[in-house]
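In: I would like to see how this sequence folds:
(one chain, ligands or ions: 1)
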Amino acid sequence: MPTPRRHYLFMSTPVGPLGSGLGGGVELTLLNLSQGLRQRGHQVTVVAPEQSTLGDGPIVTIPGRWQPTAHTQGRATPATLPADAVLAHMWTYARQHQAAFDLIVNLAYDWLPFYLTPFFHTPVAHFVTMGSLSEVMDAAIHQVADQYPNRLGAYTQAQAATFGDQHAFQILGSAIDLSLYDFCDTPGTALAWMGRISPEKGLEDALAATAQTQTPLKILGKLEDPDYWQRLCQQFPQAPDSYLGFLPTAALQQVVGQCRALLMTPRWVEAFGNVAIEALACGVPVIAYNRGGPAEIIRPGETGWLVEPDDVSGLVQAIQRIDQLDRRACRRQAEQQYSLDALAIRFEAWFEAILH
Ligand code: HBI
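Out: Model (predicted):
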């Protein structure tokens, strides 16, 4: 029996307008998911702070004060709500219009939407976009898990496990628009490293490994922590000439496609690691610490290598075994698992499980 055509209401992150970059990975998830679900015949309406832009689909923009970001707060930080909060106004809109939708999908990492779940007639599902950060959010998430067992989604098992009860989560992964990435079968000699230049991303290990193997390293990403970068430049004199800045997708995929492999050296549990599937889409294998999201993406010995976390000598050994990996298998894995349609199919199955 074909899946019925649904009308979903997506509630965006309240930390800033879509298209501003303030919403981080959620912006990409919302754009890709709405595009993929519409291509499968569903209707998607997105509710987001005013000045939001999201491709060409219908979007309801709501005024009000942005929410302070959760990922810089501590575990004991209480739930907060500014006066005239855009988050509160967004959920007032949802309450008033809920009858027009089959399902409401929350992407905000905030207390209010989780607390409101039992107050709605239309079912509310929550796609959780980060790991465990605070007691108050953990309690709100566990409350929903207890009352509505199948209403929580996450990117990866590792991210879900940070909440202690990973079985309460549907694991959905992520996706990219593969039409923006070209397969490259003729790499040069360089390796790539992509991500925000900030301590939790562990760039120093990639610099140490490529210094040992005398391999050029191309560094791409936003220079988020200048003091940290200064320290790296002193420790690794070749670093400044490896840095290519933050590139838009077209230029990024051009540079990465020419590389023999991508190095991922996270110090923390990456909820997913979108740069891994961007590399695979270009045919570039991924060498990553066996930690967090990348460990659930890479197929060891086929599309990459997993290395003992924080072990630079393990990175060096993996770099010496890149040629055992198959660049076409990398592109194939991106097409099978990380296309817009593959993502939409995973979310559609989760939504149908909730609606039955
Ligand atoms: N902080 N309070 C709050 N709410 C969010 O929805 C939120 C956030 N910080 C970061 C963020 N969302 C996204 O950038 C990540 O979930 C990817």
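
In: spit out the contact partners of the residue of the stretch 201-350 of the chain found nearest the ligand.
Out: The ligand sits closest to Ala271 of the stretch 201-350 of the chain, with a gap of 7.3 Å, by CB to the nearest ligand atom. In short, each C-beta sits where N, CA and C put it, glycine included. Counting by CB atoms under 8 Å, 6 or more residues apart in numbering, Ala271 touches 25, 129-131, 154-156, 158-159, 292-293.

In: grab the nearest non-local neighbour of it.
Out: Distance criterion CB to CB, 6 or more residues apart in numbering; nearest residue to Ala271, sequence neighbours excluded, is Gln159 at 4.2 Å.

In: kindly identify which of the contacts of Ala271 also come near the ligand.
Out: Applying CB under 6 Å from any ligand atom to those, one finds that 25, 129-130 fall near the ligand.

In: quick revisit: so the residue of the stretch 201-350 of the chain closest to the ligand, which of the three states?
Out: Per DSSP: H, G, I helix; E, B strand; the rest coil, the local secondary structure of Ala271 is coil.

In: returning to that earlier point: and the contacts of Ala271 as JSON lines, adding secondary structure, pLDDT and neighbour count?
Out: Below are the contacts of Ala271 laid out as JSON lines (DSSP: H, G, I helix; E, B strand; the rest coil; pLDDT from 0 to 100; neighbours: other CB atoms under 10 Å):
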{"residue": "Gly25", "secondary structure": "helix", "pLDDT": "80", "neighbour count": "16"}
{"residue": "Thr129", "secondary structure": "coil", "pLDDT": "94", "neighbour count": "22"}
{"residue": "Met130", "secondary structure": "coil", "pLDDT": "92", "neighbour count": "18"}
{"residue": "Gly131", "secondary structure": "coil", "pLDDT": "91", "neighbour count": "21"}
{"residue": "Ala154", "secondary structure": "strand", "pLDDT": "97", "neighbour count": "27"}
{"residue": "Tyr155", "secondary structure": "coil", "pLDDT": "96", "neighbour count": "27"}
{"residue": "Thr156", "secondary structure": "coil", "pLDDT": "96", "neighbour count": "25"}
{"residue": "Ala158", "secondary structure": "helix", "pLDDT": "94", "neighbour count": "22"}
{"residue": "Gln159", "secondary structure": "helix", "pLDDT": "94", "neighbour count": "24"}
{"residue": "Gly292", "secondary structure": "coil", "pLDDT": "93", "neighbour count": "27"}
{"residue": "Gly293", "secondary structure": "coil", "pLDDT": "94", "neighbour count": "26"}
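
In: now the residues you listed in a markdown table, with distance to Ala100?
Out: Shown next, in a markdown table, are those (distance: CB to CB, whole Å):
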| residue | distance to Ala100 |
| --- | --- |
| Gly25 | 28 |
| Thr129 | 25 |
| Met130 | 30 |
| Gly131 | 33 |
| Ala154 | 28 |
| Tyr155 | 29 |
| Thr156 | 33 |
| Ala158 | 36 |
| Gln159 | 32 |
| Gly292 | 38 |
| Gly293 | 35 |
